[in-house]
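>>> Turn this into a model:
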Amino acid sequence: MASGAVTATGWEFHTGQLPEFVPWHRDGLIIGMLPEPLRADSEAQEMLLSDQLAVDEEIMVGASIGIAQLAPVGLVLMHRRFTSLMESRVAWAVGIRLRRQRIMAGELPRIVMAGSRPNPDVTPDGVTFSLHRVRLRDHEVVLPIDVWEIHFPALI
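You can find the predicted model right below:
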């Protein structure tokens, strides 16, 4: 059974700096290959390639884990049809930042994110979730946004 931990990062993102992708209006994965950061203080990791893959909810978590372990994949985003575009964009931005932190720490940056908590009923054994609470700023308005990271044991 999947568990969830809350991670208070204190991170803030600005709406104008979020990625511009538009996911399909169905369950699926957005897959990105990202370069390693050129400078330790750089947030400017451009998505080199992204693709969308339609995936049924029943296999979405397992499929995202398998794809995330492929060597050229830098980030996998699980987007469910009822998840808002803003939540998915924030999840992607959090994933990029987590990836950079892990590279700087010498860890493998295999990141799977979701804008809404995955269904625990269709989650493989050994998979856990952590909630990342961040702030989203749009001019003078700041909103709390919750996104999810999916943790999994290495398969490869």
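>>> In what element of secondary structure is residue 86 found?
Per DSSP states H and E, residue 86 falls inside helix 85-104.
>>> And for residue 71, the neighbour number?
7 (other CB atoms under 10 Å). (Each C-beta comes from the backbone N, C-alpha and C, glycine too.)
>>> do you know how far it is from residue 24?
Taking CB to CB, to the nearest Å as the measure, residue 71 falls 26 Å from residue 24.
>>> Then residue 140?
For residue 140, the distance to residue 24 equals 33 Å [CB to CB].
>>> These two - which one has more neighbours?
residue 24 (12 against 5).
>>> Give the helix, strand or coil label for that one.
At residue 24, secondary structure determined by DSSP: H, G, I helix; E, B strand; the rest coil is coil.
>>> quick one: the helices in the chain?
57-68, 85-104 (DSSP state H).
>>> Buried residues, the longest one. List them.
Meaning helix 85-104. With burial defined by 16 or more other CB atoms under 10 Å, the residues of helix 85-104 counted as buried are 87-100, 103.
>>> ditto for the first one
Within helix 57-68, the residues that qualify as buried by neighbour count (16+ other CB under 10 Å) are 57, 60-61, 63-65, 67-68.
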